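Visitor: I'd like to go over a predicted model; first the sequence, then the structure.
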Protein chains: 2
Amino acid sequence: MDSIELRKKIRNGEFNGTTSGAAGEKVQANIVILPKAYAFDFLLYAMRNKKAVPVIEVIEDGITESRFARESDIRTDVPEYNVYKDGELVDTVADITGYWQADFVTFLIGCSFTFEQAILDAGIDIKHISEGKNVAMYKTNVATVPAGVFSGGLVVSMRPFKDKDVKTVRDVTAQFPEMHGAPVHAGDEIELGILDITSPAYGEAIDIEADETPVFWACGVTPQNAALNARPSVMITHSPGHMFVTDIDNKDYRETQNN
Amino acid sequence: MDSIELRKKIRNGEFNGTTSGAAGEKVQANIVILPKAYAFDFLLYAMRNKKAVPVIEVIEDGITESRFARESDIRTDVPEYNVYKDGELVDTVADITGYWQADFVTFLIGCSFTFEQAILDAGIDIKHISEGKNVAMYKTNVATVPAGVFSGGLVVSMRPFKDKDVKTVRDVTAQFPEMHGAPVHAGDEIELGILDITSPAYGEAIDIEADETPVFWACGVTPQNAALNARPSVMITHSPGHMFVTDIDNKDYRETQNN
């Protein structure tokens, strides 16, 4: 579906599901919305933890249209939002117009959907997708670099691949530095402080066969966690899997970033 | 000279000259100091204009020591500072302790000294250095992407190279994306809106021979100009050529950034 058309359907309530695979080759983004008082600290946290928090755009206070999405409105164009107050989830809604504040700043953060498409395009299967599951995510003992009120551990996503495919997967994903990029680790999960790989902190567990290696990427849940640790007066995010769809092609974005 | 030793001499007033060549292979940085009220807009401006404003570190309000420079003090360790109020230069000093405010945020910005060293290491002469001149800098008709109160035209530095060396120069400098990186243009200056290449806006003119091509890089004067356009209540920068010397090796920094 055309991205402008899709955002229109989302806005009108005709589309309210997860956006995985819904917009072909378009870049989809995690979103974090915070009052401007937190914006400098959050942007600095992102800069210091690029792999986990790859900010691809910021919509400044006073603006609701993304430069990456024509005729968009960030208050209505995400299928489902989570609203947090003082670090607690207080509402899940399809429209945040009622919660909107003039000082809200929106961060669009690169998402693994982009590099997953590139892996599939390389002819390599991604197990949780073919099994219709949510990706497995884990807390690690790797600290992020703090900035102002934001701090916390790195959260990783894990995808198992055939041992022979690991190098290709690494090379393909390294081409998308703004979409979490190359894996942070491949192999023994103990090195990340993950004690039980069958019990992910978020998402769903997935089997790892004898000829497979678990491969770990910095995950977009990291900044949400850091933001919740900071207990901001108010914070709004997309709900998992319900992303903001831009008009930018994944491939164009890669090329732009390499120039 | 050892970078810690050099900063100590600067702090004690025993060294007050330009830092070009004074610290071997260490990364030197442009600095911009602003009250925190401007910090989000400035960091966003930097993010949107990475080639001209490659922020390599931010020293947050309440802190005066850089993580990249052991036992440093940003209030005393730059040989010469310019102090601006409401966009006007009001003082040039060797110590800004008297001007320091608790809400000051310091931005360290990558500097061309790093890639110039890499060009020299590749065995290619840099004309303004061998002639003992300051590099030629020009205003262009290329607009930067605004953010909040910050906006303005791209400023470029120009170095002429033998036509046969241009490709090598491009490849060498592209390895330092956080130090202005690859050139923004090589050849006809009219494409950047530069009408008279013999009259740079800053620095000194340099002759371009018949077998030479002018090569242009995004320049660290760009953010200073944007900041002055914004007329902040107070802003402090290094004075030209008088940089902040870190403990990081140029080569290590390149490798870090590529990981």
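Guide: Happy to help now that I have it. Every value quoted in this text rests on a predicted model; they were computed, and no experiment measured them.
Visitor: can we go C-alpha only for contacts and neighbour counts from here?
Guide: Noted.
Visitor: Indicate the residue of chain A located nearest to chain B.
Guide: Nearest residue of chain A to chain B: A:Phe40, at 4.3 Å (C-alpha to the nearest C-alpha).
Visitor: Tell me who's in contact with that residue.
Guide: B:Ala39, B:Phe40, B:Leu43 (C-alpha atoms under 8 Å, 6 or more residues apart in numbering or on different chains).
Visitor: Rebuild the residues you listed as a markdown table, extending it with secondary structure and pLDDT.
Guide: Putting those into a markdown table (DSSP: H, G, I helix; E, B strand; the rest coil; pLDDT from 0 to 100) gives the following:
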| residue | secondary structure | pLDDT |
| --- | --- | --- |
| B:Ala39 | helix | 96 |
| B:Phe40 | helix | 96 |
| B:Leu43 | helix | 96 |
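Visitor: which residues in the stretch 1-150 of chain A form helices?
Guide: A:3-11, A:39-48, A:112-121, A:127-130 (DSSP state H, counting those that start in this stretch).
Visitor: Just name the most buried of those.
Guide: Ranked by average neighbour count under the criterion mean count of other C-alpha atoms under 10 Å in any protein chain shown, the helices of the stretch 1-150 of chain A are headed by helix A:39-48 at a mean of 22.
Visitor: name the element A:Ser157 belongs to?
Guide: Using DSSP states H and E, A:Ser157 maps to strand A:153-162.
Visitor: got the CA coordinates for that strand in PDB?
Guide: Included here for strand A:153-162 are C-alpha records, laid out as PDB according to Å, rounded to 0.1, in the frame of the first residue of the first chain:
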ATOM      1  CA  GLY A 153      20.900  -1.300  30.400                       C
ATOM      2  CA  LEU A 154      21.100  -2.100  26.700                       C
ATOM      3  CA  VAL A 155      18.100  -4.200  25.500                       C
ATOM      4  CA  VAL A 156      18.900  -6.500  22.600                       C
ATOM      5  CA  SER A 157      16.800  -8.400  20.000                       C
ATOM      6  CA  MET A 158      17.800 -11.900  19.100                       C
ATOM      7  CA  ARG A 159      17.400 -13.800  15.800                       C
ATOM      8  CA  PRO A 160      18.900 -17.300  15.200                       C
ATOM      9  CA  PHE A 161      20.600 -18.000  11.800                       C
ATOM     10  CA  LYS A 162      22.300 -20.900  10.300                       C
END
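Visitor: where in the stretch 101-250 of chain A is pLDDT low?
Guide: Counting by pLDDT under 70, the stretch 101-250 of chain A contains no low-confidence range.
Visitor: Spell out which parts of it neighbour chain B.
Guide: A:Gly148 (C-alpha under 8 Å from any C-alpha of the partner chain).
Visitor: and the closest residue to A:Glu71 other than its chain neighbours, how many neighbours?
Guide: Leaving aside its sequence neighbours, A:Glu71 sits nearest to A:Glu65 (C-alpha to C-alpha, 6 or more residues apart in numbering or on different chains; 6.6 Å). By the criterion of other C-alpha atoms under 10 Å in any protein chain shown, A:Glu65 has 16 neighbours.
Visitor: same thing with A:Asp91?
Guide: By the measure other C-alpha under 10 Å, the count of residues near A:Asp91 is 12.
Visitor: A:Ile74 is in contact with the residue nearest to A:Glu71, correct?
Guide: Yes: counting by C-alpha atoms under 8 Å, A:Glu65 does reach A:Ile74; the two are 6.3 Å apart.
Visitor: which ones are touching A:Met137?
Guide: A:Met137 neighbours (C-alpha under 8 Å, 6+ apart): A:Val155, A:Val156, A:Ser157, A:Met158, A:Pro200, A:Ala201, A:Tyr202, A:Gly203, A:Glu204, A:Cys219.
Visitor: How about A:Cys219?
Guide: A:Ala52, A:Val53, A:Ser112, A:Met137, A:Leu154, A:Val155, A:Val156, A:Ser157, A:His180.
Visitor: And the residues you listed, which is closest to B:Ala147?
Guide: Nearest to B:Ala147 among the contacts of A:Cys219: A:Val53, at 19.9 Å, using C-alpha to C-alpha.
Visitor: Now the residue of chain A positioned farthest from its centre, what are its backbone angles?
Guide: Residue farthest from the centre of chain A, counting by C-alpha atoms, centre = their mean, is A:Ala210 at 29.4 Å. When quoted as degrees, to the nearest 10, the phi and psi of A:Ala210 stand at phi -60, psi -30.
Visitor: how close does it get to A:Phe161?
Guide: Distance of A:Ala210 to A:Phe161, computed by C-alpha to C-alpha, to the nearest Å: 11 Å.
Visitor: what does A:Ser3 give?
Guide: Distance from A:Ser3 to A:Phe161, by C-alpha to C-alpha: 31 Å.
Visitor: Over to A:Met179?
Guide: 19 Å.
Visitor: Chain A - how does it break down into domains?
Guide: A:3-112+A:230-258, A:113-222 (automatic domain parsing).
Visitor: how about those domains in CSV, adding distance to B:Met47?
Guide: Listed next are these as CSV, based on distance: least, C-alpha to C-alpha, whole Å:
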stretch, distance to B:Met47
domain A:3-112+A:230-258, 9
domain A:113-222, 12
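Visitor: for the closest residue to A:Pro214 other than its chain neighbours, what are its contacts?
Guide: Closest residue to A:Pro214 apart from its sequence neighbours, by C-alpha to C-alpha, 6+ apart: A:Pro160 at 4.2 Å. Taking C-alpha under 8 Å, 6+ apart, we find A:Pro160 in contact with A:Ile126, A:Lys127, A:Ile208, A:Glu212, A:Thr213, A:Pro214, A:Val215.
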